[in-house]
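Asks: Got a predicted structure plus its sequence, pasted below:
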Amino acid sequence: MRTLQARKAHNWLAALLIAVLVTLCLLSMRFNSPTSDEQNHISRGYHYLVTGNLDLNVAPPFVNALSAIPLLFQRDITIPSYDVTHTKTYINQFAEEFVWVYNDAERVINGGRLAIIALSALLAYFVFRWANELWGAPGALLALFLYVLDPNILAHSQLVTTDLGVTCLFFISTYFLWRFLSYKRIVDLALAGALLGLAQATKFSALLLLPTFGLALLIDAIITRDQPLPFGWRVPERLARTSTRRAAVFVVAALFVVACCAFVAFWATYRFETGSLAAPGTEHATVDRLIPNSTLRQWAYRVVEAVRVPFPTYFRGLGWLGRYAQRGAPAFLMGQRSEQGWWYYFLVAFAIKTPLPVLILFGMALVLSLRSGELFAKRQYLLYLPVALFFLATFLSILNIGYRHILPVLPFIFVSAGQVLARGTKRWLGLAVVVLCLWHAVGSLAVHPHYLAYFNESVGGADNGYRYLVDSNLDWGQDLGNLKAYMDENGLQSVHLAYFGSARTDYYDIDALPLPAEKPADLEQRPPAVYAISATYLQGGYLGDTEAFSWLRAYEPVDKIGYSIFLYRLP
């Protein structure tokens, strides 16, 4: 009876923590103007959801379409018309018009954010569930507490992007793979495969699930190769004669089930699309560019027109990503600027943007896992394998544009940290966990509602974050509405503005004058004025000229808007 009552109490506490997550997201969401990428995700998702047309979807569409579902309940949503022959140049223009011209921007964006908050609540439940199965209720509540109050999770749980979506699907698919390896039930393997497919249909970084699944199955087969095959599989005796062969059969059969389920789920999100790998209307242009001989071109036209592949839009998106990655993107790290990035960029970002209590608990958990001898017995390695693969992948990436790209490692870290409380037998350890949890809560809530700008105490917190990282780590255009509120409160009629973001100043009724990229020669003779600049531009990001606006760095800002827009009163 006591056990049942305790279980109910733990479940109620978990529900309460998830309610706290949702409440914090809803309360802070209204302080965030549409960030740079949100208009693209929501517009493409709604367009695909309503029309079934994939022309505007450079990236996989699944979570974008999910985020657009709340917009179906807004009856006055208008879709701009466009000419499909100019899709390439119209993609960004379509998003701009959909959000800012034809519809009310904040109403559209905040509607889409509700779906992402729901996904975050679902992920929170599975963090609790997996930790509960591994460590019991105390460890599960610790893992959930860390998730709910993590500022990086809170920041991305209220933005219409694919970062939280891929984090959710990556984690839950791995959870069901763990259940399959633990209990050998085919339904868990099928769910793992289907979720793997949906993750691929959310973001290209989900490709890291493929080696995660392959390595996990291989490790398990090697460790448990003397066990019987799961769920009554029967194979010819010549194939199952030795334990090594049985292990090989296990891996191949499991991968086959995963591949089938993933393929169907993935293709379904593309509405079972088939077509040419070339973009619509460009098949002959591509052939003309590659084949100079006119006779051979005629044959090539026929081949291109005849060959059809499933989900060609996805493959074209992969090609776009490859070209984008090859070009690189402007990046800033601790005073340095580069378009080719640094191999250690994400290690630094992880070290200074992850709450220190989380890092400490994760380090303690890793030590406990290695000392317990249960790293393989309880298949705890599945908590560490995705983390290792993600960081290995980042060493090769030259796209250093945000902590959000390693967001999927966090749920695994939280679940792993849960064992510190579950395994702790010494009184001081329990007290240490309580202190760390209080530290975690205070550090997170101290930046409310500006969770995107969180930096831990090792660099002096959010106030000093701009010295180390910018872009989506700190400044994603989210504070334009807050700038307007500041202007109203302080009686400012206009500002000289250099704003990094996609939100519109006219939407917020901001009288914005151009901010000079070079120091005006007559600055000292000018009447006093307020200069506002986004942190990314202040640090020379995305400008082509890294010295642009550098003259402002010689002055001390009189105020900051949400840590991302700096205000100067000059002369």
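Replies: Happy to help now that I have it.
Asks: can you give me the helices for the stretch 151-300 of the chain?
Replies: Here the stretch 151-300 of the chain has its helices, by DSSP state H, counting those that start in this stretch, at 151-156, 163-183, 186-200, 209-223, 243-269, 283-290, 294-306.
Asks: Can I get those helices in a markdown table including mean neighbour count and distance to residue 452?
Replies: The C-beta positions use only the backbone N, C-alpha and C, and glycine is treated the same way. What follows is the helices of the stretch 151-300 of the chain, written out as a markdown table (neighbours: other Cβ atoms under 10 Å; distance: least, Cβ to Cβ, whole Å):
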| stretch | mean neighbour count | distance to residue 452 |
| --- | --- | --- |
| helix 151-156 | 26 | 4 |
| helix 163-183 | 24 | 11 |
| helix 186-200 | 23 | 24 |
| helix 209-223 | 19 | 26 |
| helix 243-269 | 18 | 28 |
| helix 283-290 | 14 | 40 |
| helix 294-306 | 12 | 45 |
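Asks: Going by mean pLDDT, which of those helices comes out lowest?
Replies: Lowest mean pLDDT within the helices of the stretch 151-300 of the chain: helix 283-290, at a mean of 53.
Asks: thinking again about what came up before, which stretch among the helices of the stretch 151-300 of the chain comes nearest residue 375?
Replies: helix 209-223 (10.3 Å; Cβ to Cβ).
Asks: Would you mind listing the outside residues contacting the closest one?
Replies: Outside helix 209-223, the residues within contact range by Cβ atoms under 8 Å, 6 or more residues apart in numbering are 170, 173-174, 177, 181, 192, 196, 199-200, 247-248, 250-251, 254-255, 258, 376, 379, 381-382, 385-386, 389.
Asks: neighbours around residue 508, how many?
Replies: Residue 508: 18 surrounding residues under other Cβ atoms under 10 Å.
Asks: again with the one 3 residues further on
Replies: Residue 511: 12 surrounding residues under other Cβ under 10 Å.
Asks: Give me the pLDDT for it.
Replies: 95.
Asks: Break this structure down into its domains, please.
Replies: 274-329, 332-453, 478-570 (automatic domain parsing).
Asks: Pick the most deeply packed of those.
Replies: Ranked by mean neighbour count, the domains of the chain are led by domain 332-453 with a mean of 19 (mean count of other Cβ atoms under 10 Å).
Asks: ok, now which ones touch residue 205?
Replies: Taking Cβ under 8 Å, 6+ apart as the criterion, residue 205 is in contact with 166, 393, 405, 408.
Asks: Can you tell me the closest non-neighbouring residue to the second one?
Replies: Once flanking residues are discounted, residue 393 sits nearest to residue 208: 5.9 Å by Cβ to Cβ, 6 or more residues apart in numbering.
Asks: which other helices and strands contact the longest helix anywhere in the chain?
Replies: In the chain, assigned by DSSP state H, the helix with the most residues is helix 105-135. Contacting helix 105-135 under the criterion 3 or more Cβ pairs under 8 Å, 6 or more residues apart in numbering; DSSP states H and E are the following elements: helix 2-29, helix 38-51, helix 62-68, helix 137-148, helix 163-183, helix 409-423.
Asks: Among the ones you listed, which comes closest to residue 123?
Replies: Proximity to residue 123, assessed across those by Cβ to Cβ, is greatest for helix 163-183 (4.2 Å).
Asks: how far off helix 186-200 does that closest one point, in degrees?
Replies: Relative orientation of helix 163-183 versus helix 186-200 (axes from the mean of the first three to the mean of the last three Cα atoms, to 10 degrees): 160 degrees.
Asks: helices or strands up against helix 163-183?
Replies: When contacts are defined as 3+ Cβ pairs under 8 Å, 6+ apart, helix 163-183 packs onto helix 62-68, helix 105-135, helix 151-156, helix 186-200, helix 209-223, helix 381-396, helix 409-423.
Asks: Report the separation between residue 480 and residue 436.
Replies: 36 Å (Cβ to Cβ, to the nearest Å).
Asks: Could I get the CA-only coordinates of stretch 9-23 as CSV?
Replies: The C-alpha coordinates for stretch 9-23 follow below in CSV (Å, rounded to 0.1, in the frame of the first residue of the first chain):
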residue,chain,number,x,y,z
ALA,A,9,3.2,10.9,-5.1
HIS,A,10,6.2,10.6,-7.4
ASN,A,11,3.9,10.7,-10.5
TRP,A,12,2.1,13.8,-9.1
LEU,A,13,5.5,15.5,-8.5
ALA,A,14,6.6,14.7,-12.0
ALA,A,15,3.3,16.1,-13.4
LEU,A,16,3.9,19.2,-11.3
LEU,A,17,7.4,19.7,-12.7
ILE,A,18,6.2,19.3,-16.2
ALA,A,19,3.5,21.9,-15.5
VAL,A,20,6.2,24.2,-14.2
LEU,A,21,8.1,23.7,-17.6
VAL,A,22,5.0,24.6,-19.6
THR,A,23,4.2,27.6,-17.3
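Asks: any idea how far stretch 423-434 is from the chain center?
Replies: For stretch 423-434, the separation from the chain centroid amounts to 33 Å (computed by Cα atoms, centre = their mean, to the nearest Å).
Asks: And for the most centrally placed residue in the chain, nearest residue in space, chain neighbours not counted?
Replies: By Cα atoms, centre = their mean, the chain has its centre lying nearest to residue 163, at 1.7 Å. In space, and not counting its chain neighbours, residue 163 is closest to residue 404: 4.3 Å by Cβ to Cβ, 6+ apart.
Asks: what residues are up against that neighbour?
Replies: 152, 156, 161, 163, 472 are the contacts of residue 404 under Cβ under 8 Å, 6+ apart.
Asks: which residue packs closest to residue 559, ignoring adjacent ones?
Replies: residue 567 (4.5 Å).
Asks: what's residue 562 sitting at in phi/psi?
Replies: Main-chain dihedrals, residue 562, degrees, to the nearest 10: phi 60, psi 20.
Asks: Please name the spatially closest residue to it (chain neighbours excluded).
Replies: Per Cβ to Cβ, 6+ apart, closest to residue 562 is residue 479, 3.9 Å.
Asks: quick one: pLDDT of the one you found?
Replies: 97.
Asks: looking at the protein, which helix or strand is least sure?
Replies: helix 283-290 (a mean of 53; mean pLDDT, DSSP states H and E).
Asks: dump the residue contacts of residue 496.
Replies: 512, 513, 514, 515, 516, 529, 530, 531, 532.
Asks: closest to residue 42 among the residues you listed?
Replies: Closest to residue 42, out of all of the contacts of residue 496 and judged by Cβ to Cβ, is residue 512, at 24.4 Å.
Asks: pretty sure the closest one is touching residue 504, no?
Replies: No. Using Cβ atoms under 8 Å, residue 512 is not in contact with residue 504, being 9.9 Å away.
Asks: Mind checking which of the contacts of residue 496 are in strands?
Replies: 512, 513, 514, 529, 530, 531, 532 (DSSP state E).
Asks: one step back: check contacts around the residue nearest to residue 562.
Replies: Residue 479 touches 32, 33, 450, 561, 562, 564, 565, counting by Cβ under 8 Å, 6+ apart.
Asks: The residues you listed in helices, which ones?
Replies: Using DSSP H, no member of those falls within helices.
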